[in-house]
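Peer 1: Sequence first, predicted coordinates after that:
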Amino acid sequence: MEQFDNKRIESLMSKGRMGWWEADFVKQQYRCSPFISRLLNLGPEGVISFEDFRNLICQDYRLRTVNEFTFGKTQNVYDQVYPINTPQGVQWLRVKLCSKETDAEGNLKTYGFMECLDSPLSTSSVESTLQRVNNLFSQQNSISRSLFSLFQAGDIGSVIHKILGDILQQFPKGRTYIVEYDTENQTCICRYQVSNETFPFTISHVVNIPVRNDEWWTTQLIKRANPIILASLDELPPEAIKIKEILQEQGVQSTLVVPMFSRNGVSGYAGIDVADKNHIWKNEDYQWFSSLVNIISICIELRKAEEQALAEKQYLADLYKYMPIGYIRLGLIYNESQEIIDYILKDANETCLRIYNSSTDIIGKRASLLKTEIQEDLRIFEDILQSGQPLEKSYYLEVQDKYCHGIIYSPHKDEIVILFSDMTETFKAHKALDKSERILRNIYRNLPAGIELYDKEGNLIDINDKELEIFGLQDKEAILGSNIFEHPLMPEEIKEKMRKKEDANFTLDYDFSKLNGYYVSNRTGKINLLTKITSLYDSQNNFTNYLMIHIDRTEETVAYNQIQEFKDFFTLVGDYAKVGYAHFDALSCDGYALDSWYQNVGETEGVPLNQIIGVYSHLHPEDRKVMSDFLKKVIRGEVSNVRQDLRIFHEDGRQTWTRTNVLVRDYRPQDGVIEMLSINYDITELKEIESKLITAKERAEESDRLKSAFLANMSHEIRTPLNAIVGFSTLMAETDDKSEQQQYLGIVEKNNELLLQLISDILDLSKIEAGTFEMKMEDVSVNPLCQDIVQVLKYKTPPGVELLFDEYLPEFHIRSDRNRIQQVLTNFINNAQKFTTTGTITLGYQVYEHEIEFYVADTGIGILPEKQQAIFQRFVKLNSFIHGTGLGLPICKSIVEQLNGRIGLQSEPGKGSRFWFTLPLM
């Protein structure tokens, strides 16, 4: 089907006397359709070279036609009518360029058609064409005058608008414009625009719009450099629908747009929009407008170049005027032998005059008139001329006291140019820098700290002498070049910080035995180092070096450790011995103290001393006054030390005693210094011992008094039963009356028992005081024990009094001394019998979780409260008229305590007493 269609198309084109052609600019040949091949007799290949086809064109049309075709190669437009010689004779042809393309290898090809005409253009058509061309030339003449004014006018915009207005005279209803392309920002902007009064629309669609590859309009003009020639907007392709809508909205019916070029490529585009009709653009229209646009582009470029040149000229003038470099141009003066004999100062800039402290008056004058000695200058100029090389030289201006550095050269034989700068400040700065460098170098060598400098890879490049001493090195060469990141003693976390360019401060126990061959040192053992590592940067903030500083703190560390050990020891002693130490200033009360000092005065550790000294909030008011008065007297210089026992009241309610010793160590009030030392220690235990000793002394004295009274009482107590025994024994022997004898016998037995009890108590007391009072532990059945005691003592109970055993368990056993329990209970009952005349005396016991309580309760006279505290003391008798030693209850107390029990009583005068004691359950 495709072959059939191609044949039909070829047939139709042949009947229409037209054909297509393809121009290959690489092979320089045309490939033609069958119709053209037959017309030109080209053979079956249908190929003809550019040169052969040019020769077929009639002589009068050949040059113009070929030039226009070449022009159309770059401008994409060609449409001409001319005659050629064919085998059939002269044939008029219309040749039109339709499209062009570039293949993958960059080869250009163009395509078009060729149409046979029966005869050349009619006379009227020629006249019309000539008239249009004449009009164009007439407008071109006006436009050329406007273009010429571009080189004279200061305002280029008004001239371009005038040119666009002249172009617009050919189109009664339309507009002309020029759009510039901003390469840097990839945008387009309508820079110039002129329209008829009947066409008020402006080019709003090309104002700072971005150039996109998918934008058909800008792609054709900017990217591909193709013109856009539209007799009707319907000729726009589908992908240009957006621009078509914009043009239709503004009333545009036809348009001619051509790219504008500069040395850098496409610089924009210029266009003509027609609004009143569909304008058929002729080839001469395109060529005329394209040529005109190219001329405008050239003029604009020339004007820009001129403006740029003027700007550069002004820049150079400003640079010459304001640059901080002196400029001198000298004219050389020769004698007849072509020897330099003098020179003239032809020009100098302001910097030069300022450096030399001169004015423009020196310009144009001979050097010999300005300075006395010029021979050295002439010699230097001669050397430069002979060598042809510039001379760089530093020199000192003695009169101006300035240092300069310059370059002297000769642009040609008769001139010398000197460029120089004032280096005075730089010279002084270098001089100061040299001085500073020498100082720093001396510091570097003599600083009592080791310094290591590493490059940015961590390689050691320099160390000072102190570093050699610290690490036991003979010379630098023994360690230079070693890498810090390979150092076996450098902690890994420090190496990581160095890699991150972070500063580091740390202490290091440097063990020479663990160097593992990193370097050879004559030192052994360990040293303690304080080390700082920092990163160094240049003026552009580029990292350049690592700097490491070492301070050997071994001696300080040993001393510090000794001090710390002593401090810890003193603190330990203070904690255990409760000895405190404080050091403060009497004027400001600032200082420091050990924790034990704070504890001894009842304060919280760490409280500032100025909140304690002079305040003494935890001291007894009397002691507070003593210490406050002492501080005031110290400040006045009246006293220098104090020793005082202080009563301390603690927050938890405790009261302790502290002995403090405060003395003045450094007294310089005129310098604001009164240095004080305070030593205090807790004497609470001493005070308690002292109190106990006083109490013991008082008790001993009381005991002596009681013993004296006891001995006096014993002598009476013993004599009384002895006298009764002796006396009634005699009476009993002398009487024969049985009743009297029986009566006397009872009296003797009763006194015998009293005497026996007295002796027994005295013996028990002696055993207690001698520590030989023994206990015999055994299983004791409580009920039988109590029943036996009641049974034995019931007959001694006074008339009207009943002795009872009450409140007991059916059976209960304890492990204790049966005889001692019986002794205590018997004593309790005997005492109750002495002071009970009516009522009851009750023996009983109560069992609790961990102990058993025995008690004897009576309904006797009772005991006054003030006498109850002393009832268990030795030699105490509440009633001197009652027989007894006053040792019974103290002995009971000793027995109970030795059995790990407790003893006590409850009593109310007039109602009776209840004596009790407890024993632990085992």
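Peer 2: Ah, there it is. Numbers count the residues shown, from 1 in each chain.
Peer 1: what element comes up after the one helix or strand E555 maps to heading to the C-terminus?
Peer 2: Per DSSP states H and E, E555 falls inside helix 554-577. As assigned by DSSP H and E, the chain's next helix or strand after helix 554-577 is strand 579-585.
Peer 1: picking that back up, for the helix holding E555, what is the average pLDDT?
Peer 2: On average, the pLDDT along helix 554-577 is 69.
Peer 1: What's the local residue count around the closest residue to F728 other than its chain neighbours?
Peer 2: In space, F728 comes closest to Y744 once its chain neighbours are excluded; the distance is 4.3 Å by Cβ to Cβ, 6 or more residues apart in numbering. All C-beta atoms are positioned from the backbone trio N, CA, C, and that covers glycine. Around Y744 there are 21 other residues, counting by other Cβ atoms under 10 Å.
Peer 1: Next: T351.
Peer 2: Using other Cβ under 10 Å: T351 sits among 19 other residues.
Peer 1: Can you classify it by secondary structure?
Peer 2: Following DSSP: H, G, I helix; E, B strand; the rest coil, we place T351 in the helix state.
Peer 1: Hmm, it is touching L319, no?
Peer 2: No - using Cβ atoms under 8 Å as the test, T351 is too far from L319 to be in contact (10.8 Å).
Peer 1: now the strands for the stretch 751-900 of the chain?
Peer 2: 778-781, 801-805, 813-816, 839-847, 851-858 (DSSP state E, counting those that start in this stretch).
Peer 1: Over to the stretch 351-500 of the chain?
Peer 2: Using DSSP E, counting those that start in this stretch, strands in the stretch 351-500 of the chain cover 391-397, 402-412, 415-422, 450-455, 460-463.
Peer 1: Correct me if wrong: D285 contacts L256.
Peer 2: Yes - between D285 and L256 a contact is recorded at 6.8 Å, counting by Cβ under 8 Å.
Peer 1: Neighbour count: the two, which is higher?
Peer 2: L256 (23 against 18).
Peer 1: can you pull the contacts of that one?
Peer 2: Listed by Cβ atoms under 8 Å, 6 or more residues apart in numbering, the contact partners of L256 are P227, I228, I229, L230, G271, I272, W281, D285, Y286, F289.
Peer 1: what sits up against stretch 833-850?
Peer 2: With Cβ under 8 Å, 6+ apart as the criterion, stretch 833-850 contacts 782, 786, 789-790, 793, 796-798, 800-809, 812, 825, 829, 832, 852-861, 879, 882, 884, 912-913, 920-921.
Peer 1: again with stretch 423-432
Peer 2: S394, D401, K402, Y403, C404, H405.
Peer 1: Between the residues you listed, which sits nearest G580?
Peer 2: Set against G580, the nearest of these by Cβ to Cβ is Y403 (71.5 Å).
Peer 1: Tell me what the closest one is bridged to.
Peer 2: Counting by DSSP bridges, Y403 is bridged to Y396.
Peer 1: tell me the pLDDT at E685?
Peer 2: 87.
Peer 1: distance of it from S691?
Peer 2: In this view, E685 and S691 are 10 Å apart by Cβ to Cβ, to the nearest Å.
Peer 1: Would you agree the residue nearest to F728 is in contact with T730?
Peer 2: No - judged on Cβ under 8 Å, Y744 makes no contact with T730 at a distance of 9.1 Å.
Peer 1: could you list every residue that touches the spatially closest residue to L378 that is not a sequence neighbour?
Peer 2: For L378, ignoring the flanking residues on the chain, the nearest one in space by Cβ to Cβ, 6+ apart is I340 at 5.0 Å. Contact partners of I340, counting by Cβ under 8 Å, 6+ apart, are L332, I333, Y334, L378, F381, E382.
Peer 1: give me every residue that touches the closest residue to Y518 other than its chain neighbours.
Peer 2: Among residues not flanking Y518 along the chain, P488 sits closest, at 5.7 Å (Cβ to Cβ, 6+ apart). Neighbouring residues of P488 by Cβ under 8 Å, 6+ apart: K514, L515, N516, Y518.
Peer 1: of all the residues you listed, which comes closest to M676?
Peer 2: K514 (49.1 Å).
Peer 1: quick check, E690 in a helix?
Peer 2: Yes - E690: assigned to a helix according to three-state DSSP.
Peer 1: Mind pulling up the pLDDT for it?
Peer 2: For E690, the model assigns a pLDDT of 85.
Peer 1: picking up where we left off before, minimum distance to D590: which of the strands of the stretch 351-500 of the chain has it?
Peer 2: Per Cβ to Cβ, nearest to D590 of the strands of the stretch 351-500 of the chain: strand 450-455, 37.6 Å.
Peer 1: Run through who's touching that closest one.
Peer 2: With Cβ under 8 Å, 6+ apart, strand 450-455 has contacts from 444, 460-464, 466-467, 469-471, 484, 544-552.
Peer 1: which among those residues end up buried?
Peer 2: Among these, the ones that count as buried by 16 or more other Cβ atoms under 10 Å are 444, 460, 463-464, 466-467, 470-471, 484, 545-546, 548-552.
Peer 1: Among these, which one sits closest to N680?
Peer 2: Nearest member of those to N680, counting by Cβ to Cβ, is I551, at 39.0 Å.
Peer 1: Just give the nearest non-adjacent residue to that closest one, would you?
Peer 2: The nearest residue in space to I551 (Cβ to Cβ, 6+ apart) is L530, at 4.4 Å.
Peer 1: Assumed the one you found was part of a strand.
Peer 2: Yes - looking at L530 with three-state DSSP, it is inside a strand.
Peer 1: Number of residues surrounding it?
Peer 2: Counted with other Cβ under 10 Å, L530 comes out at 16.
Peer 1: That one contacts T507, doesn't it?
Peer 2: Yes - assessed by Cβ under 8 Å, L530 is found in contact with T507 at 5.5 Å.
Peer 1: which residues do these two both contact?
Peer 2: Shared contacts of L530 and T507, defined by Cβ under 8 Å, 6+ apart, comprise R553.
Peer 1: Select, out of the strands of the stretch 351-500 of the chain, the one closest to Y537.
Peer 2: Nearest of the strands of the stretch 351-500 of the chain (Cβ to Cβ): strand 450-455, 13.4 Å.
Peer 1: pLDDT of the closest one, averaged?
Peer 2: Rounded mean pLDDT across strand 450-455 is 89.
Peer 1: What residues sit buried inside it?
Peer 2: Burial within strand 450-455, assessed by neighbour count using 16+ other Cβ under 10 Å, is assigned to G450, I451, E452, L453, Y454.
Peer 1: Paired strands for it, with orientation please.
Peer 2: strand 460-463 (antiparallel), strand 543-552 (antiparallel).
Peer 1: for those strands, which one sits closest to I416?
Peer 2: Closest among these, using Cβ to Cβ: strand 543-552, at 42.7 Å.
Peer 1: So which residues of the stretch 351-500 of the chain form helices?
Peer 2: 367-370, 375-387, 424-446, 465-470, 492-499 (DSSP state H, counting those that start in this stretch).
Peer 1: now for the fourth one, which elements pack on it?
Peer 2: In terms of contact count using 3 or more Cβ pairs under 8 Å, 6 or more residues apart in numbering; DSSP states H and E, helix 465-470 is assigned the packing partners helix 424-446, strand 450-455, strand 543-552.
Peer 1: Go again with 6 Å.
Peer 2: strand 450-455 (3 or more Cβ pairs under 6 Å, 6 or more residues apart in numbering; DSSP states H and E).
Peer 1: Just the C-alphas of the strand it packs on, formatted as PDB.
Peer 2: Listed next in PDB are the C-alpha coordinates belonging to strand 450-455 (Å, rounded to 0.1, in the frame of the first residue of the first chain):
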ATOM      1  CA  GLY A 450      57.300  20.000  77.100                       C
ATOM      2  CA  ILE A 451      56.000  21.100  73.700                       C
ATOM      3  CA  GLU A 452      55.400  18.700  70.700                       C
ATOM      4  CA  LEU A 453      54.300  19.900  67.300                       C
ATOM      5  CA  TYR A 454      52.700  17.400  64.800                       C
ATOM      6  CA  ASP A 455      51.600  17.900  61.200                       C
END
